[in-house]
Every structure is written in structure tokens, then in C-alpha cells.
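> 3D, please:
(chains A and B)
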There are 2 protein chains.
Amino acid sequence: MRDPGFEAAVGAAMEGGREGGVPIGAALVRGGEVIGVGHNERVQAGDPTAHGEISALRDAGRQRTYRDTVLYTTLAPCAMCAGTVIQFKIPKVVVGEDRTFPGELDLLRSRGVEVVVLDDERCIGAMADFQRAHPDLWAEDIAQD
Amino acid sequence: MRDPGFEAAVGAAMEGGREGGVPIGAALVRGGEVIGVGHNERVQAGDPTAHGEISALRDAGRQRTYRDTVLYTTLAPCAMCAGTVIQFKIPKVVVGEDRTFPGELDLLRSRGVEVVVLDDERCIGAMADFQRAHPDLWAEDIAQD
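Presented below is the predicted three-dimensional model:
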């Protein structure tokens, strides 16, 4: 059976790609229920801070605690998003893949966050296609120069 | 002479406080010019990711590089905002104060970011007053439970 949180993240990533944006999505889950979902909005909203994880947390709105939540994301979180997980004390992150971008998984683990990497073929394929088709946009999104 | 970047950050913090929000502000500066300014919007926009630094970067919009910028903030950056500085490769952060919240200055320094702490009395006073008046809101903003 597919995990609803991960499927929500993948669905958001694909939607972002269809919109012409960076195809990375995320979902915040509490007790099996998706309470926030979002995708990268750099292109769509002109917002460089709107990575998938940030968009999902924004969508969830104010929370008293995140200790009972899991964050699903299609791609290994960058330093901004890893720092956000640490700051919000989200105990577990499920990552679609870390092959097309290594992210900051070691930083997460060093702060006690449980990290699960799924090595999902849909996520790898979508990101590899995107990076080939839009190298400049991808470089901008990860501030690579 | 007062630094225009820092004064923009302080002005944004005070504006956020007058609006009933968390009084923390930030400004992104390039070549002496403020290109983005913002304050914490947890209360005003119901957005837990809208710390001052994130709001300032959002205000600046998409940038090809941040290597020629300085980020000013009235309070020591949390893990989210420190991670953002690292991810965006902002080389220097000027911090109003780190007395009312220690932030992640060591994480910034460990990644090669230059950190300047001003120990500004206006910033210390505004945060100390806010933390006394709104302990629950402050605890929520830093995910303290």
C-alpha cells in the first residue's frame, strides 16, 4: 500500500512540474493525516524561499508542536529546509531520493532527526529530466554558481 | 553614521511589533542598497515560516547570486534562517543581538559565514519586552515545548 503522505508529496511535485516550476513537493503529516502540502514556487510565485518543504509548512499554518509530525519530501532537503526541520523539531523526514541532489541529510542526522530515503524512481526520473531541461533554473534554485 | 541595512531591519522589526506580531526584522543589502526587507509574519499572515530573514529574502525575489549581499537581522538567526543563509551562500550576517535568543551562530560560522553581533540596545529591549508580554507566542515561534 502506498503511503498517503509520500503520495501527496509526489503529487505536489508533479503539479509543480506541470506548472513550469521546479518539480519538488512535500507534505506534513500528523497521525496519518496530511495537514499541509506544497511544492516549489520559485517560478510560479517568484519566491526563492518557497521550496517544497517551506510551502508545505506554510500550508499547514501555525502549529503548537511538530513533535508528532512527519515531513515527506520528494528530494533530499537543502540547508534551508534541513534547518527548518531542526528548528521546528520535526522528528522524522521521509525523502524520495538523494541521487540528483545530496541535500543536508548528515546535518539532519547530527541533530537527531530520523531520515528515511526511499530511492523512488518517479522522484529520480522527474528531477533528472528537469535538471537536463532547465539547468539554469536548477542552478538558481540551489544557488549554485 | 547609522548603517542603512541595519536601520531597515530595525524599522521592520518595530513595524511588526506595532502590528501585534513578533518584533524581528531583516534586510538584504547589495552594494549598500537595501534590496529586500521584511519582518516576522507568524501572527499577521499565519505563516510559521515567515521569520524576518525569510520575509526579507522573499521581498527581494529571485536573485542570480547572493555572494555579493549582506543579511541584516535584529535577532540571532534560528536554524531555519541560518540554514537559509548557508543554502543561499550569503557570505555575511549582521545580527542585532544574541542575548534574548542564542540562535545558530556557530552553525553559520562552521560553514564559513562571517557573523557580526552588534549587541544593539533597541533590539534587546524590543525582544525582552515582547518575550515578557507574550511568552506563549514566543515559545510557538521558536517551537519551544
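
> what residues sit buried inside stretch A:56-70?
Buried residues in stretch A:56-70, defined by neighbour count with 16 or more other CB atoms under 10 Å in any protein chain shown: A:Ala56, A:Leu57, A:Arg58, A:Asp59, A:Ala60, A:Gln63, A:Tyr66, A:Thr69, A:Val70. Every C-beta, even on glycine, is put in place using the N, C-alpha and C of the backbone.

> spatially, and excluding backbone neighbours, which residue is closest to the fifth one.
Distances taken as CB to CB, 6 or more residues apart in numbering or on different chains put A:Gly36 closest to A:Ala60, at 2.8 Å, once the chain neighbours are dropped.

> may I see the buried residues of stretch A:134-143?
Neighbour-count burial for stretch A:134-143, with 16+ other CB under 10 Å as criterion, is recorded at A:His134, A:Leu137, A:Trp138, A:Glu140, A:Asp141, A:Ile142, A:Ala143.

> show me what contacts the nearest residue to A:Arg64 once chain neighbours are set aside?
Distance criterion CB to CB, 6+ apart; nearest residue to A:Arg64, sequence neighbours excluded, is B:Glu140 at 6.6 Å. Going by CB atoms under 8 Å, 6 or more residues apart in numbering or on different chains, B:Glu140 touches A:Arg62, A:Arg64, B:Arg42, B:Pro48.

> distance check, the most centrally placed residue in chain A against chain B.
Most central residue of chain A, judged by C-alpha distance to the mean C-alpha position with CA atoms, centre = their mean, is A:Thr73 at 3.3 Å. Per CB to the nearest CB, to the nearest Å, A:Thr73 is found 14 Å from chain B.

> from memory the residue nearest to A:Ala60 sits against A:Arg58, does it?
Yes. Using CB atoms under 8 Å, A:Gly36 is in contact with A:Arg58, at 7.4 Å.

> C-terminal to the helix or strand where A:Gly125 lies, what's the next element?
According to DSSP states H and E, A:Gly125 maps onto helix A:121-133. Once helix A:121-133 ends, the next helix or strand along the chain (criterion: DSSP H and E) is helix A:135-141.

> next, the closest residue to chain B within chain A: secondary structure please.
In chain A, no residue comes nearer to chain B than A:Gly83, which is 2.1 Å away by CB to the nearest CB. In terms of secondary structure, A:Gly83 is helix; the call rests on DSSP: H, G, I helix; E, B strand; the rest coil.

> by contact count, what packs against the longest helix belonging to chain A?
Using DSSP state H to define each element, chain A has its longest helix at helix A:4-18. Counting by 3 or more CB pairs under 8 Å, 6 or more residues apart in numbering or on different chains; DSSP states H and E, the packing neighbours recorded for helix A:4-18 are strand A:25-30, strand A:33-39, helix A:52-60, strand A:69-75, strand A:92-97, helix A:121-133.

> kindly reformat those as JSON lines containing mean pLDDT.
Supplementary listing: these in JSON lines, determined by pLDDT from 0 to 100:
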{"stretch": "strand A:25-30", "mean pLDDT": "98"}
{"stretch": "strand A:33-39", "mean pLDDT": "98"}
{"stretch": "helix A:52-60", "mean pLDDT": "98"}
{"stretch": "strand A:69-75", "mean pLDDT": "98"}
{"stretch": "strand A:92-97", "mean pLDDT": "98"}
{"stretch": "helix A:121-133", "mean pLDDT": "98"}
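
> before we move on, the earlier item: isn't the residue of chain A closest to chain B up against B:Ala82?
Yes. Proximity of A:Gly83 to B:Ala82 meets the contact threshold set by CB under 8 Å, at 5.7 Å.

> is there contact, residue-wise, from stretch A:126-138 to chain B?
No. Shown here: stretch A:126-138 not in contact with chain B (CB under 8 Å from any CB of the partner chain), separated by at least 9.3 Å.

> neighbours around A:Gly83, how many?
The number of residues packed near A:Gly83 is 28, by other CB atoms under 10 Å in any protein chain shown.

> not counting sequence-adjacent ones, nearest residue to it?
Leaving aside its sequence neighbours, A:Gly83 is closest to B:Gly83 (2.1 Å, by CB to CB, 6+ apart).

> need the contact list for that neighbour.
A:Cys78, A:Ala79, A:Met80, A:Cys81, A:Ala82, A:Gly83, A:Thr84, A:Ile86, A:Glu104, A:Leu107, B:Glu104, B:Leu107.
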